[in-house]
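Trainee: got a structure for you, letters missing:
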């Protein structure tokens, strides 16, 4: 009989940027914000170039990202990210993702549908840069005024 001895998997292989992005979405859908924040590098930067006045346009560091997302599930109930498309770039550490967020505003129970384009760069298996090009017009909908949600 020929027995195969399993080769143990590396203890912490760095995830590909696409795999890390997919995993981050699963954590957001599960409302596991602490685990989502753990995906970030200590000096990671989140940018929201289209954020309207009064909204955060840049968060520097994991702690700032954590503070902005801490109460996110109290404002937004995520249901799905249909149409997810992840594109590779010339930089093997960077991906561009297109998706739609099917969500619900917790305060009003109104549907909240957002389109996103995200450019994410990974360093040492952690999110180092996350540029979120979301639609600023959607947050002008009634009940969408939820300061501190990271949007």
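Mentor: Looks like it arrived, so ask away. Here the structure is a predicted model, which is why all the values come from computation and not from measurement.
Trainee: I'd like the next helix or strand past the helix or strand where residue 97 lies.
Mentor: In the assignment (DSSP states H and E), residue 97 maps to strand 94-105. Heading C-terminal from strand 94-105, the first helix or strand you meet, by DSSP H and E, is strand 111-123.
Trainee: which residues sit against that next one?
Mentor: 14-15, 17, 20-21, 41, 76, 91, 93-105, 127-135, 138, 141, 144 (Cβ atoms under 8 Å, 6 or more residues apart in numbering). For glycine as for every other residue, the C-beta is placed from the backbone atoms N, C-alpha and C.
Trainee: Then stretch 85-105?
Mentor: Contact partners of stretch 85-105, identified using Cβ under 8 Å, 6+ apart, comprise 17-18, 21-22, 25, 75-84, 110-123, 128, 141, 143-144, 146.
Trainee: what kind of secondary structure is residue 31 in?
Mentor: Using DSSP: H, G, I helix; E, B strand; the rest coil as the criterion, the local structure at residue 31 reads coil.
Trainee: Under the pLDDT cut-off, which ranges of this structure? List them.
Mentor: Across the chain, the ranges flagged by pLDDT under 70 are 1-14, 138-151.
Trainee: rerun that using 90 as the cut-off
Mentor: 1-15, 51-56, 70-79, 101-115, 134-151 (pLDDT under 90).
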